[in-house]
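K.L.:
Sequence first, then the predicted structure:
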Amino acid sequence: MSQPENLKFAESHEWIATAAETAAVGISDHAQEELSDIVFVELPEVGRTVTKGESVAVVESVKAASDIYAPASGEITEVNTALEDDPAKVNSDAFGEGWLFKIKLSAPDELDSLLSPEAYAAQIS
Amino acid sequence: MVPFAGWEMPVQYTGIIDEHRAVREACGVFDISHMGQFFINGPGAATWLDRLLTNQIASLEIGQAQYTFLLNEAGGVIDDLIAYRIGAEDFLLIVNAAKVAEDAAWLEEHLDEGVNFADRSDRHGAIAVQGPDSARIYEEIFEGLGAPPLPARNGVVFIPMAMDRIFVCRTGYTGEDGFELVCPAEATPGWFHKVLSAGARPCGLGARDSLRLEMGYPLNGSDLTPDHSPLEAGMGFAVKLGKGEFIGSAALAKQKARGLEQRLLGFEMLDRGPPPRPHYPIESGGEVVGEISSGGLSPSLGKGIGMAYLPVALAKPGTEIDIDIRGRKLKAAIVKKPFYTKPSP
(Lines give C-alpha, C1' and ligand atoms only; values in the text may rest on other atoms or scores of the structure.)
Protein backbone atom coordinates (compact mmCIF):
# COMPACT_ATOMS: atom_id res chain seq x y z
CA MET A 1 0.00 0.00 0.00
CA SER A 2 1.31 3.46 -0.83
CA GLN A 3 1.86 5.87 2.04
CA PRO A 4 -0.30 9.03 2.06
CA GLU A 5 1.59 12.13 1.00
CA ASN A 6 0.87 14.57 3.83
CA LEU A 7 2.30 12.32 6.53
CA LYS A 8 5.68 11.79 8.10
CA PHE A 9 6.79 8.53 9.68
CA ALA A 10 8.84 7.44 12.66
CA GLU A 11 11.13 4.44 12.32
CA SER A 12 8.97 2.83 15.01
CA HIS A 13 6.02 2.89 12.53
CA GLU A 14 3.94 5.82 13.84
CA TRP A 15 2.65 8.38 11.33
CA ILE A 16 1.93 12.05 12.04
CA ALA A 17 -0.06 14.46 9.89
CA THR A 18 2.00 17.46 8.85
CA ALA A 19 -0.65 19.86 7.57
CA ALA A 20 -1.61 21.62 10.80
CA GLU A 21 -0.13 22.69 14.13
CA THR A 22 -2.35 20.15 15.87
CA ALA A 23 -1.37 16.86 14.31
CA ALA A 24 -3.10 13.50 14.28
CA VAL A 25 -0.96 10.44 15.05
CA GLY A 26 -1.53 6.81 14.20
CA ILE A 27 0.32 3.67 13.21
CA SER A 28 1.18 2.77 9.64
CA ASP A 29 -0.75 0.35 7.53
CA HIS A 30 2.33 -1.83 7.51
CA ALA A 31 2.38 -1.84 11.34
CA GLN A 32 -1.30 -2.78 11.66
CA GLU A 33 -0.76 -5.56 9.16
CA GLU A 34 2.20 -6.91 11.13
CA LEU A 35 0.25 -6.74 14.42
CA SER A 36 -3.05 -7.94 12.90
CA ASP A 37 -6.26 -8.32 14.93
CA ILE A 38 -5.98 -5.27 17.19
CA VAL A 39 -8.14 -5.89 20.25
CA PHE A 40 -7.36 -3.01 22.58
CA VAL A 41 -5.91 0.48 22.40
CA GLU A 42 -4.77 2.30 25.53
CA LEU A 43 -4.78 6.03 24.82
CA PRO A 44 -3.04 8.89 26.69
CA GLU A 45 -4.90 11.42 28.82
CA VAL A 46 -5.96 14.61 27.11
CA GLY A 47 -3.86 17.50 28.41
CA ARG A 48 -0.74 15.39 28.96
CA THR A 49 2.51 16.91 27.73
CA VAL A 50 4.66 14.46 25.86
CA THR A 51 8.22 14.47 24.54
CA LYS A 52 9.25 13.06 21.19
CA GLY A 53 10.13 9.40 21.61
CA GLU A 54 8.15 8.97 24.84
CA SER A 55 5.86 5.96 25.18
CA VAL A 56 2.33 7.41 25.14
CA ALA A 57 -0.08 4.66 24.11
CA VAL A 58 -0.32 0.89 23.82
CA VAL A 59 -1.80 -1.00 20.91
CA GLU A 60 -2.64 -4.60 21.75
CA SER A 61 -3.14 -7.31 19.18
CA VAL A 62 -4.03 -10.90 19.98
CA LYS A 63 -0.36 -11.76 20.07
CA ALA A 64 1.31 -8.82 21.82
CA ALA A 65 1.17 -5.39 23.45
CA SER A 66 3.12 -2.76 21.50
CA ASP A 67 4.19 0.62 22.83
CA ILE A 68 3.39 3.66 20.69
CA TYR A 69 5.91 6.49 20.87
CA ALA A 70 5.16 10.17 20.39
CA PRO A 71 6.61 11.10 16.99
CA ALA A 72 6.83 14.73 18.14
CA SER A 73 6.65 16.77 21.36
CA GLY A 74 3.60 18.66 22.48
CA GLU A 75 0.31 18.46 24.32
CA ILE A 76 -2.29 15.75 23.74
CA THR A 77 -5.43 17.63 22.70
CA GLU A 78 -7.74 14.80 21.66
CA VAL A 79 -7.87 11.02 21.62
CA ASN A 80 -9.86 8.75 19.31
CA THR A 81 -12.46 7.49 21.76
CA ALA A 82 -14.18 5.52 18.98
CA LEU A 83 -11.37 2.98 19.34
CA GLU A 84 -12.63 2.00 22.80
CA ASP A 85 -15.57 0.23 21.19
CA ASP A 86 -13.95 -0.63 17.90
CA PRO A 87 -10.16 -0.99 18.13
CA ALA A 88 -10.24 -2.91 14.83
CA LYS A 89 -10.60 0.47 13.07
CA VAL A 90 -6.81 0.62 13.36
CA ASN A 91 -6.69 -2.48 11.16
CA SER A 92 -9.32 -1.41 8.66
CA ASP A 93 -8.26 2.24 8.24
CA ALA A 94 -4.85 2.88 9.78
CA PHE A 95 -4.38 6.25 8.07
CA GLY A 96 -7.95 7.45 8.60
CA GLU A 97 -10.52 6.38 11.20
CA GLY A 98 -7.82 4.44 13.02
CA TRP A 99 -5.95 7.57 14.18
CA LEU A 100 -4.94 7.39 17.86
CA PHE A 101 -4.49 10.91 19.27
CA LYS A 102 -3.75 14.50 18.32
CA ILE A 103 -0.76 16.52 19.49
CA LYS A 104 -0.48 20.31 19.60
CA LEU A 105 3.13 20.54 18.46
CA SER A 106 5.50 22.45 20.71
CA ALA A 107 8.47 22.05 18.37
CA PRO A 108 7.22 21.64 14.79
CA ASP A 109 10.84 21.51 13.54
CA GLU A 110 11.06 18.01 15.00
CA LEU A 111 9.03 16.78 12.03
CA ASP A 112 12.03 17.44 9.80
CA SER A 113 13.86 14.51 11.35
CA LEU A 114 11.03 12.07 10.56
CA LEU A 115 10.87 9.90 7.45
CA SER A 116 9.13 10.97 4.26
CA PRO A 117 6.54 8.52 2.89
CA GLU A 118 9.13 7.37 0.33
CA ALA A 119 11.86 6.89 2.93
CA TYR A 120 9.46 4.97 5.18
CA ALA A 121 8.33 2.80 2.26
CA ALA A 122 12.00 2.00 1.65
CA GLN A 123 12.50 1.09 5.33
CA ILE A 124 9.71 -1.46 5.34
CA SER A 125 10.34 -2.94 1.90
CA MET B 1 8.58 -15.06 11.41
CA VAL B 2 9.95 -15.36 14.93
CA PRO B 3 12.77 -17.41 16.43
CA PHE B 4 11.39 -20.36 18.41
CA ALA B 5 13.66 -22.96 20.05
CA GLY B 6 16.21 -22.58 17.27
CA TRP B 7 13.61 -22.56 14.49
CA GLU B 8 12.21 -19.72 12.42
CA MET B 9 8.45 -20.01 12.77
CA PRO B 10 5.46 -18.03 11.55
CA VAL B 11 3.29 -16.39 14.22
CA GLN B 12 0.52 -16.15 11.66
CA TYR B 13 -0.24 -16.62 7.98
CA THR B 14 -3.48 -14.67 7.51
CA GLY B 15 -4.26 -13.52 11.05
CA ILE B 16 -4.51 -15.22 14.43
CA ILE B 17 -8.28 -14.82 14.83
CA ASP B 18 -8.96 -16.07 11.27
CA GLU B 19 -6.74 -19.09 11.77
CA HIS B 20 -8.19 -19.79 15.21
CA ARG B 21 -11.75 -19.78 13.78
CA ALA B 22 -10.72 -21.99 10.88
CA VAL B 23 -9.62 -24.67 13.37
CA ARG B 24 -12.77 -24.35 15.51
CA GLU B 25 -15.12 -24.38 12.51
CA ALA B 26 -13.39 -26.24 9.67
CA CYS B 27 -9.72 -27.21 9.57
CA GLY B 28 -6.28 -25.73 10.02
CA VAL B 29 -2.79 -27.13 9.53
CA PHE B 30 0.27 -26.37 11.65
CA ASP B 31 3.87 -27.12 10.79
CA ILE B 32 5.10 -28.76 13.99
CA SER B 33 8.43 -29.98 12.62
CA HIS B 34 10.14 -28.20 15.50
CA MET B 35 8.88 -30.85 17.92
CA GLY B 36 11.19 -33.71 18.82
CA GLN B 37 10.78 -37.40 17.93
CA PHE B 38 12.44 -40.02 20.09
CA PHE B 39 12.32 -43.71 19.21
CA ILE B 40 12.77 -46.24 21.98
CA ASN B 41 12.81 -50.00 21.65
CA GLY B 42 14.00 -53.16 23.28
CA PRO B 43 12.71 -55.85 25.63
CA GLY B 44 13.08 -53.52 28.62
CA ALA B 45 11.61 -50.42 26.95
CA ALA B 46 8.16 -50.40 28.60
CA THR B 47 9.51 -51.05 32.09
CA TRP B 48 12.21 -48.43 31.63
CA LEU B 49 9.77 -45.78 30.39
CA ASP B 50 7.49 -46.51 33.32
CA ARG B 51 10.34 -45.62 35.68
CA LEU B 52 10.88 -42.28 33.90
CA LEU B 53 7.40 -41.15 32.95
CA THR B 54 4.38 -40.41 35.15
CA ASN B 55 1.60 -42.12 33.18
CA GLN B 56 1.36 -45.90 32.80
CA ILE B 57 3.14 -47.03 29.64
CA ALA B 58 2.43 -50.71 30.40
CA SER B 59 -1.30 -50.03 30.05
CA LEU B 60 -0.93 -48.93 26.40
CA GLU B 61 -1.98 -51.35 23.68
CA ILE B 62 -0.04 -51.26 20.43
CA GLY B 63 -1.40 -48.30 18.47
CA GLN B 64 -2.35 -46.26 21.51
CA ALA B 65 -0.92 -43.05 22.93
CA GLN B 66 -0.98 -41.21 26.22
CA TYR B 67 -0.09 -37.79 27.60
CA THR B 68 2.65 -38.04 30.20
CA PHE B 69 5.39 -36.16 32.05
CA LEU B 70 9.13 -36.42 32.49
CA LEU B 71 9.97 -35.21 36.00
CA ASN B 72 13.03 -34.29 38.00
CA GLU B 73 13.66 -35.93 41.40
CA ALA B 74 11.78 -33.10 43.15
CA GLY B 75 8.66 -33.88 41.09
CA GLY B 76 9.02 -30.76 38.93
CA VAL B 77 8.27 -30.92 35.23
CA ILE B 78 11.15 -31.33 32.78
CA ASP B 79 8.78 -31.89 29.87
CA ASP B 80 5.29 -32.93 28.95
CA LEU B 81 5.02 -35.27 25.99
CA ILE B 82 2.96 -37.87 24.20
CA ALA B 83 4.11 -41.48 24.29
CA TYR B 84 2.92 -43.73 21.46
CA ARG B 85 3.19 -47.50 21.58
CA ILE B 86 4.04 -48.38 17.97
CA GLY B 87 4.99 -52.01 18.63
CA ALA B 88 5.20 -54.49 21.50
CA GLU B 89 8.67 -53.18 22.36
CA ASP B 90 8.64 -49.99 20.27
CA PHE B 91 7.71 -46.51 21.41
CA LEU B 92 7.64 -43.04 19.87
CA LEU B 93 7.85 -40.01 22.14
CA ILE B 94 6.93 -36.59 20.78
CA VAL B 95 8.51 -33.90 22.94
CA ASN B 96 8.67 -30.11 23.05
CA ALA B 97 11.12 -28.40 20.69
CA ALA B 98 12.81 -26.37 23.41
CA LYS B 99 13.37 -29.53 25.47
CA VAL B 100 14.78 -31.95 22.89
CA ALA B 101 18.40 -31.65 24.04
CA GLU B 102 17.55 -31.67 27.75
CA ASP B 103 15.15 -34.62 27.46
CA ALA B 104 17.60 -36.62 25.34
CA ALA B 105 20.43 -36.00 27.81
CA TRP B 106 18.19 -37.04 30.72
CA LEU B 107 17.04 -40.22 29.00
CA GLU B 108 20.57 -41.18 27.99
CA GLU B 109 21.84 -40.56 31.48
CA HIS B 110 19.20 -42.93 32.85
CA LEU B 111 19.43 -45.52 30.07
CA ASP B 112 19.06 -49.21 31.04
CA GLU B 113 20.39 -52.46 29.60
CA GLY B 114 18.17 -53.81 26.87
CA VAL B 115 16.81 -50.41 25.85
CA ASN B 116 17.74 -48.52 22.68
CA PHE B 117 17.13 -44.81 22.58
CA ALA B 118 17.43 -42.69 19.43
CA ASP B 119 16.73 -38.99 19.07
CA ARG B 120 15.57 -38.73 15.45
CA SER B 121 14.21 -35.18 15.74
CA ASP B 122 16.44 -33.87 12.94
CA ARG B 123 15.31 -36.48 10.48
CA HIS B 124 11.58 -36.07 11.05
CA GLY B 125 9.10 -33.39 10.28
CA ALA B 126 5.49 -33.24 11.43
CA ILE B 127 2.27 -31.43 10.72
CA ALA B 128 -0.86 -31.14 12.85
CA VAL B 129 -4.18 -31.15 10.99
CA GLN B 130 -6.86 -29.91 13.38
CA GLY B 131 -10.56 -29.14 13.19
CA PRO B 132 -13.96 -30.77 12.65
CA ASP B 133 -13.11 -31.22 8.95
CA SER B 134 -9.84 -33.08 9.58
CA ALA B 135 -11.19 -36.61 9.10
CA ARG B 136 -12.44 -35.69 5.63
CA ILE B 137 -9.04 -34.22 4.81
CA TYR B 138 -7.36 -37.45 5.95
CA GLU B 139 -9.54 -39.40 3.50
CA GLU B 140 -8.69 -36.99 0.72
CA ILE B 141 -4.91 -36.85 1.12
CA PHE B 142 -4.57 -40.63 1.36
CA GLU B 143 -7.12 -41.42 -1.34
CA GLY B 144 -5.98 -44.32 -3.47
CA LEU B 145 -2.83 -44.86 -1.38
CA GLY B 146 -4.19 -47.83 0.56
CA ALA B 147 -3.85 -46.17 3.95
CA PRO B 148 -5.66 -47.63 6.96
CA PRO B 149 -8.62 -45.71 8.38
CA LEU B 150 -7.85 -42.83 10.71
CA PRO B 151 -7.20 -44.33 14.16
CA ALA B 152 -9.50 -43.67 17.11
CA ARG B 153 -8.80 -40.74 19.48
CA ASN B 154 -5.28 -41.10 20.95
CA GLY B 155 -4.50 -43.85 18.47
CA VAL B 156 -1.54 -44.13 16.15
CA VAL B 157 -1.05 -46.01 12.86
CA PHE B 158 2.09 -46.63 10.85
CA ILE B 159 1.73 -46.16 7.10
CA PRO B 160 4.62 -47.62 5.13
CA MET B 161 4.80 -45.95 1.74
CA ALA B 162 7.33 -46.23 -1.07
CA MET B 163 9.58 -43.43 0.09
CA ASP B 164 7.94 -42.34 3.31
CA ARG B 165 7.62 -43.86 6.73
CA ILE B 166 4.59 -42.10 8.11
CA PHE B 167 2.98 -42.17 11.51
CA VAL B 168 -0.51 -40.78 11.85
CA CYS B 169 -1.57 -39.99 15.39
CA ARG B 170 -5.05 -38.89 16.31
CA THR B 171 -3.84 -36.34 18.83
CA GLY B 172 -3.55 -32.58 19.00
CA TYR B 173 -3.26 -29.43 21.06
CA THR B 174 -6.36 -27.52 20.04
CA GLY B 175 -9.35 -29.26 21.63
CA GLU B 176 -10.67 -30.19 18.18
CA ASP B 177 -10.69 -33.52 16.43
CA GLY B 178 -7.55 -33.90 14.39
CA PHE B 179 -4.44 -35.85 13.56
CA GLU B 180 -0.72 -35.33 13.56
CA LEU B 181 1.38 -36.73 10.76
CA VAL B 182 5.03 -37.57 11.44
CA CYS B 183 7.16 -38.22 8.37
CA PRO B 184 10.72 -37.87 7.05
CA ALA B 185 11.84 -34.22 7.11
CA GLU B 186 12.16 -33.98 3.32
CA ALA B 187 8.60 -35.24 2.78
CA THR B 188 7.00 -32.74 5.19
CA PRO B 189 6.47 -29.79 2.79
CA GLY B 190 4.73 -32.12 0.34
CA TRP B 191 2.27 -33.31 2.97
CA PHE B 192 1.71 -29.75 4.22
CA HIS B 193 0.76 -28.63 0.70
CA LYS B 194 -1.43 -31.68 0.14
CA VAL B 195 -3.39 -30.77 3.26
CA LEU B 196 -3.67 -27.14 2.10
CA SER B 197 -4.97 -28.30 -1.28
CA ALA B 198 -7.55 -30.42 0.52
CA GLY B 199 -8.90 -27.22 2.11
CA ALA B 200 -7.08 -26.65 5.42
CA ARG B 201 -6.03 -23.14 6.41
CA PRO B 202 -2.33 -22.69 7.29
CA CYS B 203 -1.97 -21.71 10.96
CA GLY B 204 0.95 -20.25 12.92
CA LEU B 205 2.18 -20.20 16.49
CA GLY B 206 -0.29 -17.47 17.47
CA ALA B 207 -3.39 -19.57 16.80
CA ARG B 208 -1.70 -22.65 18.25
CA ASP B 209 -1.33 -20.71 21.50
CA SER B 210 -4.83 -19.19 21.58
CA LEU B 211 -6.45 -22.57 20.78
CA ARG B 212 -4.59 -24.47 23.49
CA LEU B 213 -5.17 -21.67 26.01
CA GLU B 214 -8.96 -21.82 25.49
CA MET B 215 -8.76 -25.52 26.38
CA GLY B 216 -6.66 -24.82 29.47
CA TYR B 217 -3.86 -26.98 28.06
CA PRO B 218 -0.59 -26.05 29.78
CA LEU B 219 2.41 -24.79 27.80
CA ASN B 220 5.82 -26.06 28.79
CA GLY B 221 8.10 -23.26 29.95
CA SER B 222 5.11 -21.08 30.88
CA ASP B 223 2.56 -23.21 32.76
CA LEU B 224 4.84 -26.17 33.31
CA THR B 225 8.21 -25.59 34.97
CA PRO B 226 10.72 -27.51 37.07
CA ASP B 227 9.31 -25.60 40.08
CA HIS B 228 5.82 -27.07 39.81
CA SER B 229 4.55 -30.64 39.74
CA PRO B 230 1.94 -32.03 37.36
CA LEU B 231 -0.38 -32.32 40.39
CA GLU B 232 -0.14 -28.57 40.95
CA ALA B 233 -0.72 -28.11 37.22
CA GLY B 234 -4.01 -30.02 37.57
CA MET B 235 -2.73 -32.85 35.38
CA GLY B 236 -3.14 -35.62 37.94
CA PHE B 237 -4.92 -37.78 35.34
CA ALA B 238 -1.51 -38.36 33.73
CA VAL B 239 0.17 -39.34 37.00
CA LYS B 240 -0.16 -42.98 38.12
CA LEU B 241 1.31 -43.09 41.61
CA GLY B 242 -0.01 -46.63 42.06
CA LYS B 243 2.07 -48.15 39.24
CA GLY B 244 5.32 -48.34 41.22
CA GLU B 245 8.25 -45.99 41.63
CA PHE B 246 9.32 -43.52 38.97
CA ILE B 247 11.59 -40.49 39.07
CA GLY B 248 9.74 -37.86 41.04
CA SER B 249 7.12 -40.25 42.47
CA ALA B 250 8.31 -39.92 46.08
CA ALA B 251 8.07 -36.12 45.89
CA LEU B 252 4.60 -36.32 44.34
CA ALA B 253 3.35 -38.80 46.94
CA LYS B 254 4.55 -36.49 49.68
CA GLN B 255 2.93 -33.49 48.01
CA LYS B 256 -0.34 -35.39 47.68
CA ALA B 257 -0.30 -36.52 51.31
CA ARG B 258 0.46 -33.04 52.60
CA GLY B 259 -2.02 -31.33 50.31
CA LEU B 260 -1.27 -28.86 47.53
CA GLU B 261 -0.44 -25.26 48.43
CA GLN B 262 -0.82 -23.92 44.91
CA ARG B 263 -2.69 -24.91 41.81
CA LEU B 264 -2.69 -23.77 38.21
CA LEU B 265 -6.03 -21.96 38.11
CA GLY B 266 -7.94 -20.47 35.21
CA PHE B 267 -9.44 -16.99 35.34
CA GLU B 268 -11.41 -14.73 33.03
CA MET B 269 -11.47 -10.95 32.99
CA LEU B 270 -14.55 -9.24 34.41
CA ASP B 271 -13.47 -5.66 33.70
CA ARG B 272 -13.13 -4.50 30.13
CA GLY B 273 -9.56 -3.67 29.33
CA PRO B 274 -6.33 -4.90 27.83
CA PRO B 275 -5.87 -8.66 27.50
CA PRO B 276 -4.09 -10.37 30.42
CA ARG B 277 -0.57 -11.43 29.45
CA PRO B 278 2.18 -13.60 30.95
CA HIS B 279 3.98 -12.19 34.02
CA TYR B 280 1.35 -9.60 34.95
CA PRO B 281 1.09 -9.67 38.77
CA ILE B 282 -2.07 -11.03 40.40
CA GLU B 283 -3.41 -9.61 43.66
CA SER B 284 -5.96 -10.77 46.18
CA GLY B 285 -6.96 -8.47 49.04
CA GLY B 286 -4.22 -6.04 48.05
CA GLU B 287 -1.45 -8.67 48.31
CA VAL B 288 0.46 -10.04 45.33
CA VAL B 289 -0.37 -13.76 45.25
CA GLY B 290 1.14 -14.81 41.94
CA GLU B 291 1.65 -13.90 38.30
CA ILE B 292 0.05 -14.93 35.03
CA SER B 293 1.73 -17.92 33.41
CA SER B 294 -0.38 -17.87 30.20
CA GLY B 295 -2.95 -15.36 29.11
CA GLY B 296 -4.52 -13.55 26.22
CA LEU B 297 -7.72 -12.74 24.45
CA SER B 298 -9.88 -15.76 23.76
CA PRO B 299 -11.03 -15.44 20.13
CA SER B 300 -13.97 -17.82 20.77
CA LEU B 301 -15.18 -16.12 23.96
CA GLY B 302 -14.23 -12.55 23.08
CA LYS B 303 -12.72 -11.90 26.50
CA GLY B 304 -9.42 -12.09 28.30
CA ILE B 305 -8.51 -15.44 29.88
CA GLY B 306 -5.45 -16.75 31.61
CA MET B 307 -3.85 -19.21 34.00
CA ALA B 308 -1.66 -18.77 37.06
CA TYR B 309 -0.31 -20.72 40.00
CA LEU B 310 -2.32 -19.38 42.92
CA PRO B 311 -2.95 -20.41 46.55
CA VAL B 312 -5.60 -23.15 46.74
CA ALA B 313 -7.67 -20.88 49.00
CA LEU B 314 -8.55 -18.95 45.82
CA ALA B 315 -9.47 -22.04 43.79
CA LYS B 316 -13.25 -21.79 44.09
CA PRO B 317 -14.84 -20.68 40.80
CA GLY B 318 -16.18 -17.16 41.13
CA THR B 319 -13.43 -16.01 43.50
CA GLU B 320 -12.38 -12.53 42.46
CA ILE B 321 -8.77 -11.51 41.91
CA ASP B 322 -7.12 -8.35 40.57
CA ILE B 323 -4.80 -8.35 37.60
CA ASP B 324 -2.21 -5.58 37.60
CA ILE B 325 -1.99 -4.40 34.00
CA ARG B 326 0.59 -1.63 33.72
CA GLY B 327 -0.40 -0.31 37.13
CA ARG B 328 -4.18 -0.55 36.62
CA LYS B 329 -5.98 -3.16 38.75
CA LEU B 330 -8.57 -5.00 36.68
CA LYS B 331 -11.04 -7.50 38.12
CA ALA B 332 -11.00 -11.13 37.09
CA ALA B 333 -12.73 -14.24 38.44
CA ILE B 334 -11.54 -17.80 38.83
CA VAL B 335 -13.30 -20.13 36.38
CA LYS B 336 -13.24 -23.83 35.65
CA LYS B 337 -11.12 -25.11 32.77
CA PRO B 338 -11.58 -25.61 29.88
CA PHE B 339 -12.49 -21.99 29.20
CA TYR B 340 -14.09 -23.00 25.93
CA THR B 341 -16.56 -25.83 25.49
CA LYS B 342 -17.57 -26.83 22.01
CA PRO B 343 -21.25 -26.09 21.36
CA SER B 344 -23.17 -29.33 20.89
CA PRO B 345 -23.99 -29.93 17.23
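P.N.:
Thanks, I have it. Numbering: from 1, shown residues only, chains lettered A, B, ... in the order given.
K.L.:
Show me the helices in the stretch 101-250 of chain B, by range?
P.N.:
B:134-141, B:188-197, B:205-215, B:249-258 (DSSP state H, counting those that start in this stretch).
K.L.:
could those be laid out in TSV, adding mean pLDDT and distance to chain A?
P.N.:
In this view, the C-beta of every residue, glycine as well, is placed from N, C-alpha and C. Output for those, formatted as TSV (pLDDT from 0 to 100; distance: least, CB to the nearest CB, whole Å):
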stretch	mean pLDDT	distance to chain A
helix B:134-141	97	23
helix B:188-197	97	20
helix B:205-215	97	5
helix B:249-258	97	35
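K.L.:
Would you point to the one among those that's packed deepest?
P.N.:
helix B:205-215 (a mean of 24; mean count of other CB atoms under 10 Å in any protein chain shown).
K.L.:
which residues touch that one?
P.N.:
A:62-63, B:2, B:4, B:9-12, B:16, B:19-20, B:23-24, B:28, B:30, B:130, B:173-176, B:219, B:294-301, B:305-307, B:337-340 (CB atoms under 8 Å, 6 or more residues apart in numbering or on different chains).
K.L.:
mind listing what the closest residue to B:Thr319 other than its chain neighbours touches?
P.N.:
Once flanking residues are discounted, B:Thr319 sits nearest to B:Ile334: 4.4 Å by CB to CB, 6 or more residues apart in numbering or on different chains. B:Ile334 makes contacts with B:Leu265, B:Gly266, B:Phe267, B:Leu310, B:Leu314, B:Ala315, B:Lys316, B:Pro317, B:Gly318, B:Thr319, B:Glu320, B:Ile321, as judged by CB under 8 Å, 6+ apart.
K.L.:
and the last one, what are its phi and psi?
P.N.:
In this case it means B:Ile321. For B:Ile321, the backbone dihedrals are phi -130, psi 170 (criterion: degrees, to the nearest 10).
K.L.:
Quick check: residues of chain B near chain A?
P.N.:
B:11-12, B:15-17, B:206, B:210, B:273-275, B:277, B:296-297, B:299, B:326 (CB under 8 Å from any CB of the partner chain).
K.L.:
Please work out how many residues are found near residue 109.
P.N.:
All of this refers to chain A. 8 (other CB atoms under 10 Å in any protein chain shown).
K.L.:
Oops, wrong one, chain B.
P.N.:
Burial measure for B:Glu109: 7 neighbouring residues, criterion other CB under 10 Å.
K.L.:
For it, give me its contacts.
P.N.:
Contacts of B:Glu109 by CB under 8 Å, 6+ apart: none found.
K.L.:
quick one: which of the residues of chain B next to chain A is most hemmed in?
P.N.:
In terms of neighbour count, B:Ile16 stands highest of these at 28 neighbours, by other CB under 10 Å.
K.L.:
which one is that one nearest to, not counting chain neighbours?
P.N.:
Computed as CB to CB, 6+ apart, the closest residue to B:Ile16 that is not its neighbour in sequence is B:Gly206, at 3.8 Å.
K.L.:
What residues are bridge-paired with the residue nearest in space to the middle of chain A?
P.N.:
With distances taken as CA atoms, centre = their mean, chain A has A:Gly26 as the residue nearest its mean C-alpha position (2.2 Å). For A:Gly26, the beta-bridge partners are A:Trp15 (DSSP bridges).
K.L.:
any idea how far it is from A:Asn80?
P.N.:
8 Å (CB to CB, to the nearest Å).
K.L.:
what does B:Gly114 give?
P.N.:
69 Å.
K.L.:
returning to that earlier point: how about the contacts made by the residue nearest to the centre of chain A?
P.N.:
Neighbour list for A:Gly26: A:Glu14, A:Trp15, A:Val90, A:Ala94, A:Phe95, A:Gly98, A:Trp99, A:Leu100 [criterion: CB under 8 Å, 6+ apart].
K.L.:
Among these, which one lies nearest to B:Phe246?
P.N.:
Nearest to B:Phe246 among those is A:Val90, at 51.4 Å by CB to CB.
K.L.:
tell me the pLDDT at residue 107?
P.N.:
Defaulting to chain A. At A:Ala107, the pLDDT value in this model is 94.
K.L.:
oops, chain B please
P.N.:
On the pLDDT scale, B:Leu107 gets 97.
K.L.:
so what's the residue lying closest to it once chain neighbours are set aside up against?
P.N.:
Computed as CB to CB, 6+ apart, the closest residue to B:Leu107 that is not its neighbour in sequence is B:Phe117, at 5.4 Å. Neighbouring residues of B:Phe117 by CB under 8 Å, 6+ apart: B:Phe38, B:Phe39, B:Ile40, B:Ala104, B:Leu107, B:Glu108, B:Leu111.
K.L.:
Take these and write them to JSON lines, including distance to B:Ala251.
P.N.:
Shown next, in JSON lines, are the contacts of B:Phe117 (distance: CB to CB, whole Å):
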{"residue": "B:Phe38", "distance to B:Ala251": "24"}
{"residue": "B:Phe39", "distance to B:Ala251": "29"}
{"residue": "B:Ile40", "distance to B:Ala251": "24"}
{"residue": "B:Ala104", "distance to B:Ala251": "23"}
{"residue": "B:Leu107", "distance to B:Ala251": "19"}
{"residue": "B:Glu108", "distance to B:Ala251": "23"}
{"residue": "B:Leu111", "distance to B:Ala251": "22"}
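K.L.:
among those, which ones are buried?
P.N.:
Neighbour counting with 16 or more other CB atoms under 10 Å in any protein chain shown marks B:Phe38, B:Phe39, B:Ile40, B:Ala104, B:Leu107, B:Leu111 as buried within the contacts of B:Phe117.
K.L.:
Looking at these, which is nearest B:Ala74?
P.N.:
B:Leu107 (18.2 Å).
K.L.:
Report the contact partners of that closest one.
P.N.:
By CB under 8 Å, 6+ apart, the neighbours of B:Leu107 are B:Phe38, B:Ile40, B:Leu52, B:Phe117.
K.L.:
Pick out the most distant pair among those.
P.N.:
The most widely separated members of the contacts of B:Leu107 are B:Phe38 and B:Leu52, with 11.3 Å between them, by CB to CB.
K.L.:
Now for B:Lys303, how many residues are close by?
P.N.:
That count, for B:Lys303 with other CB under 10 Å as the rule, works out to 15.
K.L.:
let me redo that: B:Leu241
P.N.:
Residues near B:Leu241, counting by other CB under 10 Å, number 15.
K.L.:
Correct me if wrong: it contacts B:Ala251.
P.N.:
No: B:Leu241 lies out of contact with B:Ala251 (CB atoms under 8 Å); the separation is 10.9 Å.
K.L.:
For the residue nearest the centre of chain B, which non-adjacent residue is closest in space?
P.N.:
Nearest to the geometric centre of chain B sits B:Tyr173, at 5.2 Å (CA atoms, centre = their mean). Excluding its sequence neighbours, the residue lying closest to B:Tyr173 (CB to CB, 6+ apart) is B:Arg212, at 4.9 Å.
K.L.:
Tell me which of B:Gly114 and A:Asn80 has more neighbours.
P.N.:
It is A:Asn80, of B:Gly114 and A:Asn80, that has more neighbours when counted by other CB under 10 Å, with 21 against 13.
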